[in-house]
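K.L.:
I'll drop the sequence and a predicted model, then ask my questions.
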Amino acid sequence: MKARRILANLELVVKAHLLNPLWRSRQERHNHRVAATVAVIEKYLRRYYLPAALQHAQAFPPSGESEKIWSVWLQGEADAPRLIQKCLSSIREKSGMEVCVMDKEQLRQMLDLPQVIWQKFESGKMQACHFTDICRVELLRLYGGYWMDATCLMTSPIPENIVQSDFFLFETSPGITGDYSGFQNCFIRARRGNPALAIWRELILTYWLQEDSLMDYFQHQIMMKMLSREVPEVKAACDAMPHITHKAAHRLWQEHGDEPYSAQKEAEYTQGAFFQKTSYKDRVIVPGSFKDHLLQ
């Protein structure tokens, strides 16, 4: 590990943990910890990676081709768990759009990622979720359209104000894990040629070409949070997009998933969002619950 990264990690430990008094409330300690973490990460990015990313970012020109919804299941859709197949089927049904679900070999063919990125992913230095973070911004930079996680259960068409946007991300809200990250990236809308997406992509790649790990699980989103404040093109794109939090999209699975299934309650809980974020990793499923119903 490079000396500069070691020093940054030490600074993070000191500011986020050692200088976080135990007599504060749990919420105060949490707020201090995440604020200090984000500040250290942004300082590090600003010093070592942002200038190069801004210099080399390149957006492709707009395309007249029909837009698609992109997603990834690295092992291939046919081998995906039942819940994933159900989610992807719902996206096709409710969107009425072409949905392209990429596996690992298709990503090799479709994307021109540096070989070192593939090496870090396949060696285990980069988690699969962070590899697909890279793939989603690269797919949208090259082709435009929409990204949806394969764990998104679509319940209604994409709202027109999002369709008409050049760029859109859901904003975070208190109560959702990682609310300090500023944005969620399970759904992204970006027209081909959007400069905000191109700059974000370049910062992510510039970082990973030099580093073997992230400083925080939500670092890619923290990057966008920083860019939205400090880079005029990104700030303009984020100011212009609809400002919608992701809270309603977590309601069914995260807040009510263990409750007894009810069709009436399902209609109520899915109001206010056009998809619901699920998880195929839950180990304990209550029989007869919403989660159990969705997994059937």
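P.N.:
Noted; the coordinates are in hand. Residues are numbered from 1 along each chain as shown.
K.L.:
mind checking the SS state of the residue minimising distance to the centre of the chain?
P.N.:
Centroid check for the chain by C-alpha atoms, centre = their mean gives Asn185 as the closest residue, at 2.3 Å. Taking DSSP: H, G, I helix; E, B strand; the rest coil as the rule, one finds Asn185 in the strand state.
K.L.:
which residue, other than its chain neighbours, is closest to it?
P.N.:
With sequence-adjacent residues excluded and distances taken as C-beta to C-beta, 6 or more residues apart in numbering, Asn185 is closest to Gln221, at 5.9 Å. The C-beta positions use only the backbone N, C-alpha and C, and glycine is treated the same way.
K.L.:
buried sites along the helix or strand harbouring the one you found?
P.N.:
Using DSSP states H and E, Gln221 maps to helix 219-230. By 16 or more other C-beta atoms under 10 Å, the buried positions in helix 219-230 come out as Gln219, His220, Gln221, Ile222, Met223, Met224, Lys225, Met226, Leu227, Ser228.
K.L.:
which other residues reach it?
P.N.:
Contacts to helix 219-230, defined as C-beta atoms under 8 Å, 6 or more residues apart in numbering, come from residues 38, 41-42, 45-46, 50, 130, 133, 169, 172, 178, 180-185, 196, 199-200, 203-204, 207, 214, 216, 234-235, 238.
K.L.:
pull out the buried residues from the residues you listed.
P.N.:
38, 41-42, 45, 50, 130, 133, 169, 172, 180-185, 196, 199-200, 203-204, 207, 214, 216, 234, 238.
K.L.:
for the closest residue in space to Gly182 that isn't next to it in sequence, give its distance to Leu19.
P.N.:
Excluding the flanking residues, the one nearest Gly182 by C-beta to C-beta, 6+ apart is Lys225, at 3.2 Å. Here Lys225 is placed at a distance of 22 Å from Leu19 (C-beta to C-beta, to the nearest Å).
K.L.:
please apply the same query to Gln271.
P.N.:
43 Å.
K.L.:
His243 now?
P.N.:
Separation of His243 from Leu19 (C-beta to C-beta): 33 Å.
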